[in-house]
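sequence-free structure coming up:
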């Protein structure tokens, strides 16, 4: 309302207020309306920071120069860790902004957008950008940029970790983290952000605690809410804040008490062109879905905990017990959570479940080339390899491909030069093969290098490291829970150099 | 201040609504004309209906309107016009509406200060609300409204909230401190007072936030930390993750000012610190023989030890902050424990990788060895982002040494072929760096780079040229071939940097290629005008150098080029040309300088040093923003150098507060009814009460504790902490770790005291049952506490025996440690006789300690007694059919185990039912792996039909998990399992009713569980009741003054946690069973059993 400058009317009788009046005005705030900008002389304005930062407004007023005469103690100390958050979509539009303190003009994002323009791939945007007055720390996740504005020294990982938590929270609440979902639930997202951060410092980031304060939407509840006018906001204090177990809320009740654990292992590997393993390791994660009433105290033990080389835990796991007995003892959060992640001892040789026979040739003439790929099972421990997907990043000069797949289907995206071959289940009797010709840009030189293959795969019922859950015991509650463990092996960053 | 706030509220209450409407109307026209300024003009129409909706009486409409408004704010649109309409709803009963109004207020209050004041009284009221959530959120919003006028109100609110009962509210007040400070730094002094107060807070919830406030407001006041240092270290594991990061970084700074450097280059040190790390027993004796060994301050060690588990955190920021703490504080040989965790972080998100790799890059320059074993983790994948790739390359280059260079070069060969040309160019530079750093491979690298010169890609070639130039400069003599080769390339290379490099090379070494050089100059003269500036400059240089060395052939050419340069568009080139001409062409005007032209132009030039861009990054603290951007970010706090001499260590000792108040005896009072504190008793009862609040239930105040024993009247913060630790968490593990910490803390304390006072009664008390030392891993808690005792005794060999006795004691009776500690904190001089309620106060406390150390004393409040009841029932261990004739039965004797005090003793009777003799019966493999069993001696043989009874001890670790092991004979192995009932895991103790109440007082809240049952008629009298309870659990009867209340006491075998059972009979055969124990799981299991048993007919 008050961006309009107060014009000086030369005909108006104006009396300068005395000291007492001024003091009165100052303390009561009455008598003078605070405006961001006043014209004090023809074409001379005195304005505040806000005015100075709003470029279009300045242009409109015809301001050409700004002199910074700010001094004094107000507003010049910034103490918050995270000042503002902007959500930016792939086309560079800011579709949500949240400020935890004073407002930072969104023009600050220009520095970021500039860097984004420069980068070939959104992944290449540097996570930390420093601008004259601010530092921008951003993450790229689910095709969205979460951009935070920082004014003062803060551990960058602190901010990055927090931003990822925000993304996870949105995912957790609404099932996915996308622009549409955030726009549809903008009020709730805003409330969540308000609860997660106070004055730039994380306040509540545990899903269980947040869910007690702001209930996640369900179809049923939104219907009920519209009918009854009731709200999504919890009216009780989350008990979690007060117990010694902040990750679990009190009074959990289920009719079916279940605890499921998924042991998911990923093979990270680099194979060179001859198929020799350059580097391979196994990273695992134990995902849990625990729906148990009351305050269960669980103990999960492994048959062969010695396999685990390096571990990290959800805060609920008692580190001392692990140190002394190599068992996971914990009071679980309610619902889904990641119990632990681990790295398998490097001494154990990593079984590589598939092999790839590949040949790619570009003709000297430079007009085309041939590709021949065969995928076959190697060390699979007798299990079937499923969901095999081969991704090839072709050289920039490859225009189109004409291939023939004996199994599955392939797509080639000419814009990104990515060839994807979706094979599916691997049949050891009849190995899938993809062969055919590549056509190159005419006149372009023969590509120097060969592309590398990225492989995705899945093996059910197998933890490739051989890790086995021994047993799960529950203390503190007397019902009998249903317990289940599932093993799955996947390819992580599995790359074959051609 | 006060008058103002009342003014405000009265103004608000009476005229609030009216004036809001008025102002609202006033402002609307202005905004109309000003709409062009904001982004809001298009939404103006919508805006009007929002206002109507807000003024409507229907809650749902208001809510809808607020939701839309918040939506507008989120989109960054201006909704400030609606302020008057919105602010009226601040007092709404609807919580969701209220929350949205809060969101709005925080956003716009600064712009609409006068209107914002209308809402203040609402918050002032809410600050007094009984619901802590409302109090906290009121404070949050109040402190977020950045209106200078309300600073006094904020100050008052913060001060009040800082002593609120709820830790959640106190946390909010810590946040508010920073907000107020940023609004008005003049309040600093007052705010520091609040910070000082909150630093003393023992709640893990508050710790992170208050340290944050400390860092923002008064990071220079390091003295405030002294007294809280140990507490912060000990709380650290349980603080929420964000707080951990802040506390760790503050403690890093603190440690650098308070401790001396652990980094000494001499071997003496290394060995010693190694010992300290493994806590060897012999250290003390060895120390005496060394000249002047470095001994780490126990507090320094405490910090390192307590942060180590956090390396396992899932929060990457926490892991990084521990890593930087170790980097900046730990002895060199210990830093490498962080490696694995840092490498783990590389699996995380791209952004995390970026930061971690940067830090590793800096670390790997100084400490190659740390990351060398993980070299392969830094191999580049084609899918990595560009900045990740270059960081990995940087690290690989840093890690390269003679041993691994061939592997690395092979890897680099793959990268050179990468489609990402920028990355390929980076690899070439990396190869160049390896070549200069490792002389063995210089030639190999150089040859490889020359091969790359025939690469088809220009960037690759250009980069190679530049790198080769740098390499050749280091050793030009042998490589004229390469120079010639490069001269030939000049025709094909178009990248200006590469062309310039070649020209420079030829110029510099023109005497080595005398035939080619003039020819090159001729070519360049031809193309001079179409070259890039940088190439032109080098052409001029080349011409000048050739003119000096070979003027016969090149005089004309040079003049031609100088003429071209004279009229060039670029002033740099014109200047250079003019300068060169004056320098090399002799004429009258050119002074003495031209004589030296040769020496100037052809001076030997030092080879460029190829070094890492991360070389000097370590001037910034690792993990900071400043480190990442390689410039000092605003607000960056320098890490100071180690002091040469450590400042006084004793500042960290926590004072013994003279517990004047606690002397007031209040026997048997349970503190549940204690009202909210009044301002005058804050000082003493703070910690105790805050603990209570935190656990959400009342516990007895420390008054009860001190009344029972005068010796304890000296209890200070430590004993408080003990209490808190014993009651605080229902998780046994947690609590034991906490008490371990606090006990270690007080151990150190104790030492200090002893040292000062030179206790006269220090005599050679031989530590009893020395053999229990062998039980190294018997119980973690004990081990840790004993080791800390060793730590602290490093410095003083005088109290060796004392400390020995002490940890012997703590081994034998962990539960009693608390009492003893409190006792021994006082020494003869300190001892102030309190009300002599106990005969034992006559004894000197230290003597008492010694006596108790022998663990034979009957003075102790709790004493293990024989079982009141031994169940006859024996359980089947091995059936004769499955055991191939060997039958076994087991029975719990309920006697303290002879072998190890923390084991449960089990009697096993073995019978041979077969017709042959069984040989060598013994116990084989056991599971779970950590299971500790004291086996019976191998039975050599057992005749047919003979039976034998043996006894064994099993450490169930206070859980009812079955102990599985194998019972073996010479031929066979049978898997058997012993499943204890919960009641068998206790040992009966006797204690007085008074002690019982005292213990009970400490075990409230989460540690208490109770149930009401209907008892059968026969169980209402004391005899059968006692028997029933004793049958269920091995507990001792506590003599009771009341007829209807029966008390039983026991302790768990393993950790010695106290178990208290109270059965209170009520009218009409109802009874309340209450169980107090910190082992809450065991407590609830026992409760279930007791309920069943007492309700049985």
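Structure received. Keep in mind it's a predicted model, so treat the numbers as computed, not measured.

Let me see the ranges of the helices in the stretch 101-250 of chain A.
Along the stretch 101-250 of chain A, counting by DSSP state H, counting those that start in this stretch, helices occupy A:109-118, A:156-174, A:179-184, A:186-196, A:207-213, A:219-228.

Skipping adjacent residues, who's closest to residue B:164 in space?
Nearest in space to residue B:164, with sequence neighbours left out and distances taken as CB to CB, 6 or more residues apart in numbering or on different chains, is residue B:170 at 5.5 Å. In short, each C-beta sits where N, CA and C put it, glycine included.

which stretch of helix or strand covers the residue nearest to residue B:1003 when sequence neighbours are not counted?
Once flanking residues are discounted, residue B:1003 sits nearest to residue B:1076: 3.8 Å by CB to CB, 6+ apart. Per DSSP states H and E, residue B:1076 falls inside strand B:1070-1077.

In terms of helices and strands, where is the nearest residue to residue A:202 once chain neighbours are set aside?
On the basis of CB to CB, 6+ apart, the spatially nearest residue to residue A:202 that is not a chain neighbour turns out to be residue B:242, at 4.2 Å. Here residue B:242 sits within helix B:241-258, counting by DSSP H and E.

what packs against that helix?
In terms of contact count using 3 or more CB pairs under 8 Å, 6 or more residues apart in numbering or on different chains; DSSP states H and E, helix B:241-258 is assigned the packing partners helix A:156-174, helix B:204-217, helix B:229-235, helix B:298-307, helix B:316-329.

Those helices: which one's closest to residue B:359?
helix B:316-329 (6.9 Å; CB to CB).

Mind checking the pLDDT average for the closest one?
When pLDDT is averaged along helix B:316-329, the result is 93.

tilt between it and helix B:298-307?
Using axes from the mean of the first three to the mean of the last three CA atoms, to 10 degrees, the inter-axis angle of helix B:316-329 relative to helix B:298-307 is 150 degrees.

where does the stretch 451-600 of chain B have low pLDDT?
Residues of the stretch 451-600 of chain B meeting the criterion pLDDT under 70: B:476-478, B:588-592.

And the residue of it closest to chain A?
Among the residues of the stretch 451-600 of chain B, residue B:456 lies nearest to chain A; the distance is 5.4 Å by CB to the nearest CB.

isn't that residue right next to residue A:445, touching?
Yes - contact between residue B:456 and residue A:445 holds when scored by CB atoms under 8 Å: they sit 5.4 Å apart.

What is the subsequent helix or strand relative to the helix or strand bottoming out on mean pLDDT in chain A?
In chain A, no helix or strand scores lower on mean pLDDT, DSSP states H and E than helix A:219-228, which sits at a mean of 55. Under the assignment DSSP H and E, the closest C-terminal helix or strand after helix A:219-228 is strand A:258-271.

give me the beta-bridge partners of the residue nearest to residue B:1003?
Assessed by DSSP bridges, residue B:1076 has beta-bridge partners residue B:1008, residue B:1060.

Contacts only, for it.
B:999-1000, B:1003-1004, B:1007-1008, B:1058-1060, B:1062, B:1083 (CB atoms under 8 Å, 6 or more residues apart in numbering or on different chains).

Give the buried residues for stretch B:977-988.
Using 16 or more other CB atoms under 10 Å in any protein chain shown as the burial criterion, the residues of stretch B:977-988 that qualify are B:978, B:980-988.

Give me the residues contacting it.
With CB under 8 Å, 6+ apart as the test, stretch B:977-988 has contacts from B:864-868, B:875, B:877, B:890, B:892, B:894, B:896, B:904, B:906, B:954, B:956, B:958, B:960, B:962-965, B:1030, B:1032-1036, B:1049-1054, B:1059, B:1082, B:1085-1086, B:1089.

now stretch B:915-933
A:301, A:305, A:324-327, B:777-778, B:885-886, B:900, B:903, B:910, B:912, B:935-936, B:938-944, B:952-955, B:957, B:961, B:963-970, B:973.

What is the helix or strand that the strand holding residue B:1076 is followed by packed up against?
The C-terminal neighbour of strand B:1070-1077 among helices and strands, as given by DSSP H and E, is helix B:1080-1095. Other helices and strands packing on helix B:1080-1095, by 3+ CB pairs under 8 Å, 6+ apart, are strand B:1008-1014, helix B:1022-1032, strand B:1058-1065, strand B:1070-1077.

if you compare the ones you listed, which one is most tucked away?
strand B:1058-1065 (a mean of 23; mean count of other CB atoms under 10 Å in any protein chain shown).

So which other helices or strands are in contact with it?
Based on contacts counted as 3+ CB pairs under 8 Å, 6+ apart, the elements that strand B:1058-1065 packs against are helix B:993-1002, helix B:1022-1032, strand B:1045-1052, strand B:1070-1077, helix B:1080-1095.

Name the helix or strand for residue B:974, please.
Assigned by DSSP H and E, residue B:974 belongs to strand B:973-978.

one step back: identify whichever of the helices and strands packed on helix B:241-258 lies nearest to residue A:383.
Nearest of these to residue A:383, taken as CB to CB: helix A:156-174 at 30.3 Å.

tell me the angle the closest one makes with helix A:186-196.
What separates the directions of helix A:156-174 and helix A:186-196 is an angle of 140 degrees, with the same axes, to 10 degrees.

buried ones in helix A:156-174?
Residues of helix A:156-174 classed as buried by neighbour count (16+ other CB under 10 Å): A:156-167, A:169-170, A:172-174.

Show me how far stretch B:873-892 is from its chain's centre.
When C-alpha coordinates are averaged (CA atoms, centre = their mean, to the nearest Å), stretch B:873-892 and its chain have centres 50 Å apart.

what does it rub up against?
Outside stretch B:873-892, the residues that touch it by CB under 8 Å, 6+ apart are B:871, B:904-916, B:918, B:921, B:942, B:967, B:969, B:972, B:974, B:976, B:978-981, B:984, B:1034.

Stretch A:453-469 - what's its average pLDDT?
Mean pLDDT, stretch A:453-469: 89.

do the same with stretch A:332-349
Stretch A:332-349 carries an average pLDDT of 83.

Show the contacting residues for the spatially closest residue to residue B:215 that is not a sequence neighbour.
The spatial neighbour of residue B:215 that comes closest, neighbours along the chain excluded (CB to CB, 6+ apart), is residue B:250 at 5.7 Å. When contacts are counted by CB under 8 Å, 6+ apart, residue B:250 touches B:211, B:214-215, B:219, B:225.

ok so, going back, which positions in the helix holding residue B:242 come out as buried?
Buried residues in helix B:241-258, counting neighbours by 16+ other CB under 10 Å, are found at B:241-256, B:258.

same thing with stretch A:288-300?
Using 16+ other CB under 10 Å as the test for burial, stretch A:288-300 gives A:288, A:290-300.

check the residues you listed against chain B, which are close?
The subset of those lying close to chain B, counting by CB under 8 Å from any CB of the partner chain, consists of A:295, A:297, A:299.
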